[in-house]
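K.L.:
attaching a predicted model along with its sequence, questions to come.
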Amino acid sequence: MISNFFIDRPLFATVVSAFIVIAGIAGYRELPVAMYPNVAPPQIGVSTVYPGASADVIAETVAAPLEQALNGVENMLYMRSNSSSTGSLDIAITFAVGTDTDISVINVQNRVQSALQLLPEEVRRQGVTVAKSLPSFLMILSFDSPDGRYDDLYVSNFATLNVIDELRRIPGIGNVQAFGARDYSIRIWLRPDRLAELGLTPADVAAAVREQNTQSAAGRLGDEPIDERVDLTLSVTTQARLSDPAQFERIVVRVGNDGQIVRLGDVARVELGARDYSFGLTRKGRPVTGAALQLAPNANALQAAAAVYKKIRFRMTRASTCACRCARSRSRSSKRSRSCSASCGCSSTTCARRSSRRSRCRCR
């Protein structure tokens with residue numbers, strides 16, 4: 001037997017054992033991260049928004065039907081839901097280790113579709129999102145205007161249009177959540193005294209806005225079938241959705257029997273502002289927009305963090321008035337670059353590292 005061979009030759013067995021130990025120590029640092037088993041259970045997130053609703057209303061009308069439909073999905077361990085007073089609902093479903101997340105997303109999506117008819121109309125219009133995610137954040141970024149030239153509304157829209165969409169397309173990033181976002185939106189501030197005087201309700205105003213702020217397909221002129229031959233076929237274009245506060249003020253809310261016209265500007269104040277004011281972030285007294293990045297399942301955190309920093313440097317060098325800083329990161333390899341971006345006090349956005357061994361910054 002082979003065991004007797006090594007017992008009779010102790011010196012040879014010692015040399016082989018030492019060689020195996022040395023080879024294991026040398027190959028330990030080169031072992032790919034992908035070879036490690038997944039110890040964190042996969043998680044599927046379900047989120048939706050019910051504008052204007054309280055946490056109790058969301059829990060009773062939205063969370064309860066969804067939880068009842070999602071309960072008992074295949075390989076589910078437990079489920080956690082969070083109803084916020086801002087109108088948002090987040091449900092996190094944790095599955096057993098080794099579960100195929102792609103199949104789990106399909107199963108969860110089917111359960112959500114079966115409960116859509118039980119949800120309020122406003123929630124169905126907003127939509128229910130199902131996506132793979134991890135419970136912890138990979139890193140948190142903040143965007144601001146160092147010289148104070150632009151307000152938080154402009155910086156928020158700059159980050160949304162130019163940076164956050166790019167971050168979502170990076171391999172290894174599962175989801176990007178924006179905190180303190182101030183997306184442009186038309187806000188209609190109703191005047192209760194005028195509504196009561198004219199006998200109107202907020203539902204009447206909402207119906208008028210929904211009816212007259214639409215995009216219609218008007219068709220084409222000279223298209224087949226026709227009796228006579230024409231030389232040109234023209235597409236009829238109509239006015240698109242309203243985008244200016246003055247256009248919203250001219251919306252007709254009601255027409256009286258004698259021809260009196262009540263417009264939206266008569267019963268409300270219309271302005272271009274932010275979509276949501278319920279959440280805000282500040283850094284050194286300045287308002288900022290935060291973006292929390294979640295790692296995708298089975299993704300490499302080091303590679304994803306390096307790709308994020310590369311994309312951020314590429315995008316921010318094109319804007320000389322906005323800056324991005326990393327507030328928190330789980331990546332070990334990004335420790336030096338994280339301290340560099342956080343310790344630089346200059347107002348230029350083209351701040352770069354001098355060397356990977358230093359944490360000082362230089363501004364070009």
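P.N.:
Perfect, thanks for sending it.
K.L.:
Ile173 and Val97, how far apart?
P.N.:
22 Å (CB to CB, to the nearest Å). All C-beta spots, glycine's among them, are computed from the backbone N, C-alpha and C.
K.L.:
with neighbour numbers in mind, choose between the two.
P.N.:
Between Ile173 and Val97, counted using other CB atoms under 10 Å, Ile173 has the larger neighbour count: 21 against 13.
K.L.:
quick check: beta-bridge partners of the more buried one?
P.N.:
Beta-bridge partners for Ile173, by DSSP bridges, are Leu295.
K.L.:
what residues are up against it?
P.N.:
The contact partners of Ile173, taken as CB atoms under 8 Å, 6 or more residues apart in numbering, are 138, 167, 293-296, 299, 304, 308.
K.L.:
same deal with Ile44?
P.N.:
92-93, 95, 101, 104-105, 108, 130-133.
K.L.:
which of these count as buried?
P.N.:
Among the contacts of Ile44, the ones that count as buried by 16 or more other CB atoms under 10 Å are 92-93, 95, 101, 104-105, 108, 130, 132-133.
K.L.:
which members of those residues are positioned in helices?
P.N.:
101, 104-105, 108 (DSSP state H).
K.L.:
number of nearby residues for Pro41?
P.N.:
17.
K.L.:
ramachandran angles for the residue nearest to Leu221 when sequence neighbours are not counted?
P.N.:
Closest residue in space to Leu221, ignoring its immediate chain neighbours: Leu234 at 4.5 Å, by CB to CB, 6 or more residues apart in numbering. Phi and psi for Leu234, reported as degrees, to the nearest 10, are phi -110, psi 140.
K.L.:
just Leu138 next, same as before
P.N.:
Dihedral angles (degrees, to the nearest 10) for Leu138: phi -70, psi -50.
K.L.:
equivalent analysis for Ala13, please.
P.N.:
The phi/psi pair for Ala13 (degrees, to the nearest 10) is phi -60, psi -40.
K.L.:
mind listing what it touches?
P.N.:
6-7.
K.L.:
how near is it to Arg210?
P.N.:
Taking CB to CB, one finds Ala13 at 83 Å from Arg210.
K.L.:
one more: Ser3?
P.N.:
82 Å.
K.L.:
could you do Pro192 as well?
P.N.:
As judged by CB to CB, Pro192 and Arg210 stand 21 Å apart.
K.L.:
which phi and psi does Val57 have?
P.N.:
phi -60, psi -40.
K.L.:
how many neighbouring residues does it have?
P.N.:
16.
K.L.:
my read is that it contacts Ala64, right?
P.N.:
No: using CB atoms under 8 Å, Val57 makes no contact with Ala64, being 10.9 Å away.
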